[in-house]
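*Asks:* structure of the sequence below:
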Amino acid sequence: MRTDRREQLYDDVLRQATAGRLPFEQEAVRASLNLALSYDVQQSFLWKTLSALGLARSSFNVMALLRFAYPDGVQLSEIGELLITSRANITGLIDHLEEKGYVKRAVDAHDRRARLAKLTKKGEILIDQIMPAHIARSISLFSHLTLDEVQQLTALLTKIRQNPMVAQAGAAESVALHPVFTNED
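*Replies:* The predicted model follows:
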């Protein structure tokens, strides 16, 4: 479906769904939808290169964390918190990366019950090769904006995430607030 047709359909749905609402409320719903659509576009744009290399988003994210934030390794439970995913998913993800030779597990010297994930030399080489292209693609996504516009966007997105009502929301409320028009199941 052409983008302009899709945009028109969303506008029609928003207009009807928010009829009778205050202008701020209508624009808040429109902004939420645009945020979801922009996220979808951004994800598709950035991850095409990685998928061509057989690397999923979550694998790339773990490897980037291990390369640049935790070069000495990090506990698996902390990876789960950083990536907002379940312990079972992290275990499977680390298993997959370990099978490919990108990550290895090690015993935490401070807590022998805990396991650390560490990037292997092969993983370091892969991330070092991928990262420049990933950064260039990220930059190109915003290349039609000014520096001031990018800074404003960053500030506004940060402000949204820091909304106390959102931070205090429980799991059930978070589900209820999830945008309607995402492609996720």
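*Asks:* average pLDDT for stretch 78-86?
*Replies:* Taken as a whole, stretch 78-86 carries a mean pLDDT of 80.
*Asks:* only C-alpha atoms, please: export it in PDB.
*Replies:* Written as PDB, here are the backbone C-alpha positions of stretch 78-86 (Å, rounded to 0.1, in the frame of the first residue of the first chain):
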ATOM      1  CA  GLU A  78      21.300  -7.600  33.600                       C
ATOM      2  CA  ILE A  79      21.100  -8.100  29.900                       C
ATOM      3  CA  GLY A  80      17.500  -9.000  30.300                       C
ATOM      4  CA  GLU A  81      16.800  -5.800  32.200                       C
ATOM      5  CA  LEU A  82      18.600  -3.700  29.600                       C
ATOM      6  CA  LEU A  83      16.800  -5.200  26.700                       C
ATOM      7  CA  ILE A  84      13.500  -5.500  28.500                       C
ATOM      8  CA  THR A  85      13.000  -9.200  27.800                       C
ATOM      9  CA  SER A  86      12.500 -12.300  29.800                       C
END
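*Asks:* check what contacts it and list those residues.
*Replies:* Residues from elsewhere that reach stretch 78-86 (Cβ atoms under 8 Å, 6 or more residues apart in numbering): 58, 61-62, 65, 87, 89-90, 93-94, 117. Backbone N, C-alpha and C define where each C-beta goes, glycine included.
*Asks:* which stretches in the chain count as strands?
*Replies:* 74-75, 103-107, 115-119 (DSSP state E).
*Asks:* on that earlier part again, just give me the least confident of the contacts of stretch 78-86.
*Replies:* R87 (69).
*Asks:* go ahead and confirm H96 touches S59.
*Replies:* Yes. Under the criterion of Cβ atoms under 8 Å, H96 makes contact with S59 at 6.9 Å.
*Asks:* those two - which one has more neighbours?
*Replies:* S59 (21 against 15; other Cβ atoms under 10 Å).
*Asks:* skip the chain neighbours and tell me the closest residue to that one.
*Replies:* Nearest residue to S59, sequence neighbours excluded (Cβ to Cβ, 6 or more residues apart in numbering): L97, at 5.9 Å.
*Asks:* same question for L116.
*Replies:* Per Cβ to Cβ, 6+ apart, closest to L116 is G73, 3.6 Å.
*Asks:* show me where the chain has helices.
*Replies:* 3-17, 23-52, 57-64, 76-83, 87-99, 121-141, 147-161, 164-168, 171-177 (DSSP state H).
*Asks:* including distance to V107, could those helices go into a markdown table?
*Replies:* Shown next, in a markdown table, are the helices of the chain (distance: least, Cβ to Cβ, whole Å):
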| stretch | distance to V107 |
| --- | --- |
| helix 3-17 | 51 |
| helix 23-52 | 30 |
| helix 57-64 | 19 |
| helix 76-83 | 12 |
| helix 87-99 | 14 |
| helix 121-141 | 19 |
| helix 147-161 | 35 |
| helix 164-168 | 35 |
| helix 171-177 | 33 |
